[in-house]
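Chemist: Below is the sequence, then the predicted model.
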Amino acid sequence: FPSHDIKTVLGNIKFDLQINDDVLQQGRLLKQHWGERFVWIIASTHQGEEALLLAHYPALKEQVSNLLVVVAPRHPERFVSVGEWCQKQGLQVVTRSSGLAVTAACDVYLADSMGELKMLYAAADVAFVGGSLVDVGGHNVLEPAAAGVPVLFGPVMFNFQAIAEQMLVRQAAVSCRDAEAVAEAVRQLAVNPLARQQLIDNARVFLEANQGAIERIAELFAPVLGKLE
């Protein structure tokens, strides 16, 4: 092994996440197809979270008249049931798989596809990261930050606790105590583009300040790998 102290702190490789420009561009083009909609994505959601969040949709829609909710369930086996539940609530749903256009009457765009979450983040104006209103522990909050979208999450973030806390300290995300607080945060951000941009800028600075772990790991092990050649 290299002569470096084995306790050398190399950083967290999660921060070295890169989103290809073409993926970001696909998301922006998709948003353009939706017209002048304020897009709130609720991503990586688990059983019960859609109901908690969409319970506030009618009141929120009255305040943000051009609101469109993108729902991206975590598990594909829930795509159909989530869509059916939304329809039973009287919400007009367009699924990604249908290829149908999103009209002004559409309430929910159901992302019933896999491997497109980063692109969908790039199509949003604000993102809520799921698994954080139920006892799951939250999901990766760095992905929406890297896509350039303001990040919201709930109180249950034990899977990403350290990163979530660091983002909050740097005002790079918003923690919401419950679904009502999420809806209020969406409302506030919808009417305050400067606040949205500040969150985006703070998150970008936070990401950039913590990147480089992969490069440092490569440098650390380069002498060992060279001897093995």
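Modeler: Received it, and whenever you're ready, just let me know what you need.
Chemist: separation between the residue nearest the centre of the chain and residue 196?
Modeler: Geometric centre of the chain, nearest residue: residue 144, 3.9 Å, by Cα atoms, centre = their mean. Per Cβ to Cβ, to the nearest Å, residue 144 is found 12 Å from residue 196. C-betas here are computed from N, CA, C, even on glycine.
Chemist: Give the residues shared as contacts by these two.
Modeler: Shared contacts of residue 144 and residue 196 (Cβ atoms under 8 Å, 6 or more residues apart in numbering): residue 150.
Chemist: all helices for this structure, in order.
Modeler: Remark: helices assigned in the chain by DSSP state H are 21-33, 49-54, 57-63, 79-88, 117-122, 142-146, 161-169, 179-190, 193-210, 213-228.
Chemist: by contact count, what packs against the second one?
Modeler: In other words, helix 49-54. Applying 3 or more Cβ pairs under 8 Å, 6 or more residues apart in numbering; DSSP states H and E, we find helix 49-54 packed against strand 38-45, strand 67-73, helix 79-88, helix 179-190.
Chemist: starting at the chain centroid, how far to the third one?
Modeler: So that's helix 79-88. Mean-position distance between helix 79-88 and its chain equals 21 Å (Cα atoms, centre = their mean, to the nearest Å).
Chemist: With the first one instead?
Modeler: The gap between where strand 38-45 is centred and where its chain is centred comes out at 7 Å by Cα atoms, centre = their mean.
Chemist: Residues in contact with that strand: which ones?
Modeler: 31, 49-50, 53, 64, 66-74, 82, 117, 120-121, 123-131, 139-140, 144, 149, 186, 190.
Chemist: ok, that strand: who's next to it in the sheet?
Modeler: With DSSP bridges as the test, strand 38-45 is paired with strand 67-73 (parallel), strand 126-129 (parallel).
Chemist: Just say which of those strands is most tucked in.
Modeler: strand 126-129 (a mean of 28; mean count of other Cβ atoms under 10 Å).
Chemist: Tell me where the model's unsure across this protein.
Modeler: 1-16, 211-229 (pLDDT under 70).
Chemist: if you set the cut-off to 80 instead, what comes out?
Modeler: By pLDDT under 80, the weakly predicted segments of the chain are 1-17, 211-229.
Chemist: who are the neighbours in contact with the residue lying closest to residue 37 once chain neighbours are set aside?
Modeler: With Cβ to Cβ, 6 or more residues apart in numbering as the criterion, residue 37 has its nearest non-adjacent residue at 4.0 Å, and that residue is residue 68. Listed by Cβ under 8 Å, 6+ apart, the contact partners of residue 68 are 34, 37-40, 102, 106-109.
Chemist: From the residues you listed, pick the one nearest residue 87.
Modeler: residue 108 (8.9 Å; Cβ to Cβ).
Chemist: Pull the number of nearby residues for residue 145.
Modeler: For residue 145, the tally of surrounding residues (other Cβ atoms under 10 Å) stands at 27.
Chemist: circling back to that earlier point, give the closest residue to the residue nearest to the centre of the chain in space, chain neighbours not counted.
Modeler: Nearest one to residue 144, counting by Cβ to Cβ, 6+ apart, is residue 127 at 3.9 Å.
Chemist: I figured that neighbour hits residue 148, correct?
Modeler: No. Contact criterion Cβ atoms under 8 Å: residue 127 and residue 148 do not qualify, at 10.1 Å.
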